[in-house]
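K.L.:
The following comprises the amino acid sequence and a computationally predicted model.
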Amino acid sequence: MEKKLKVADKSEFLKFLDATSKISDSVILEVDKERVTTLVSSADNTLILYSEYSAVSELEDTLNIPDVKKLYRVLDTIESSGIDLQINANNIEYKGSDIKFKYHLFEEGFLSKPSINLDKINQFTYDLEFKLDKVILQQIFKGSTFTSETNKIYFYTENGKLMAELTDRSRHNTDNFTLCIGDAEFDLEPTPVNFDNIRLLSIINDSFNVKINTEYGVVVFDIMKDNIKLKYIISALTQ
């Protein structure tokens, strides 16, 4: 029996792969009959990404992808939006009218998942929650060109407002750029995170739901856009 993964919208699937590839070159894709999921982490484990793409398939399998960017590039050559990928024993195969390819997979067990208990993280009680609008995100990215000597962003409240500040409070004479994100009905002490992790949010052009657990110093950026779900779990830095 042929095993096929049906991708309804190639552009969405490419965004899913792109988000993952920004953190890890090689990934394990878990495929069931309704979705494709993956869990990756940065080299220092300060950033975890759980990503999910809704897709109809005729299989439940684990695909060990050697090079996500390479898979992205070959899928991007396909003109049609909806594509059917044939899943063979050691490769992903596409047979179109104009383009055909085989992308070979690693053997089972060659790659390993991050040793992360995602269920435990999901069960955290979060002290506060807010929306990070895409317009605000774009302003933050523009402001980062001014504060190029720092790689920290601090979230905190001040006079009933939620603020985002690009600076490094551990260093003297560091330029800063501060932006009001919105009103706040909670108190938050300055919570810094690595700004390189925030840059990854620009992959999806939409608003994120942000949750902060102050006890464990965990900041979560969630988004569900069309058929893509992304959950970025970021460890807060020291001041």
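P.N.:
That came through, no problem.
K.L.:
drop to CA atoms for contacts and neighbour counts, all remaining ones
P.N.:
Will do.
K.L.:
Need the residues that contact stretch 99-114.
P.N.:
Outside of stretch 99-114, the residues that reach it under the criterion Cα atoms under 8 Å, 6 or more residues apart in numbering are 26-28, 39-41, 62-66, 71, 78, 90-95.
K.L.:
now the end-to-end length of it.
P.N.:
For stretch 99-114, the first and last residues are 35 Å from each other (Cα to Cα, to the nearest Å).
K.L.:
buried sites along it?
P.N.:
Neighbour-count burial for stretch 99-114, counted by 16 or more other Cα atoms under 10 Å, picks out 102-106.
K.L.:
and the lowest-mean-pLDDT helix or strand in the chain, C-alpha only, in PDB?
P.N.:
Scoring the helices and strands of the chain by mean pLDDT, DSSP states H and E places helix 118-122 at the bottom, with a mean of 83. Provided in PDB are the C-alpha atoms of helix 118-122 (Å, rounded to 0.1, in the frame of the first residue of the first chain):
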ATOM      1  CA  LEU A 118       6.600  19.300  26.700                       C
ATOM      2  CA  ASP A 119       3.600  18.100  28.700                       C
ATOM      3  CA  LYS A 120       5.300  19.400  31.900                       C
ATOM      4  CA  ILE A 121       5.900  22.800  30.300                       C
ATOM      5  CA  ASN A 122       2.300  23.000  29.000                       C
END
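K.L.:
Can you check what pLDDT the model gives Asn117?
P.N.:
Confidence at Asn117, expressed as pLDDT, is 81.
K.L.:
That one - how many residues pack around it?
P.N.:
Applying other Cα atoms under 10 Å, we find 8 residues neighbouring Asn117.
K.L.:
Report the buried residues of the longest helix belonging to the chain.
P.N.:
With DSSP state H applied, the helix covering the greatest number of residues in the chain is identified as helix 10-21. The neighbour-count check on helix 10-21 (16+ other Cα under 10 Å) flags 10, 12-21 as buried.
K.L.:
Then stretch 44-61?
P.N.:
Result for stretch 44-61 [16+ other Cα under 10 Å]: buried residues 46-58.
K.L.:
Count the neighbours of Phe208 for me.
P.N.:
Phe208 has 22 neighbours, counted by other Cα under 10 Å.
K.L.:
wait, it sits on Val219?
P.N.:
No - the criterion here is Cα atoms under 8 Å, and Phe208 misses it with Val219 at 11.9 Å.
K.L.:
Just the ones of the buried residues of stretch 99-114 in strands?
P.N.:
When the buried residues of stretch 99-114 are checked against strands (DSSP state E), the matches are 102-104.
K.L.:
Turn these into JSON lines, including pLDDT and distance to Arg171.
P.N.:
What follows is those, written out as JSON lines (pLDDT from 0 to 100; distance: Cα to Cα, whole Å):
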{"residue": "Lys102", "pLDDT": "97", "distance to Arg171": "52"}
{"residue": "Tyr103", "pLDDT": "97", "distance to Arg171": "48"}
{"residue": "His104", "pLDDT": "97", "distance to Arg171": "48"}
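K.L.:
hmm, back to that, what's the next secondary structure element after the least confident helix or strand of the chain?
P.N.:
Using DSSP states H and E, the next helix or strand after helix 118-122 towards the C-terminus is strand 128-132.
K.L.:
Quick check: neighbours of that next one in the sheet, parallel or antiparallel?
P.N.:
Here strand 128-132 has these sheet partners by DSSP bridges: strand 208-213 (antiparallel).
K.L.:
what packs against the helix or strand just after the partner strand?
P.N.:
Note on strand 208-213: by DSSP H and E, the next helix or strand toward the C-terminus is strand 218-225. Strand 218-225 sits against strand 208-213, strand 228-235, with contacts defined as 3 or more Cα pairs under 8 Å, 6 or more residues apart in numbering; DSSP states H and E.
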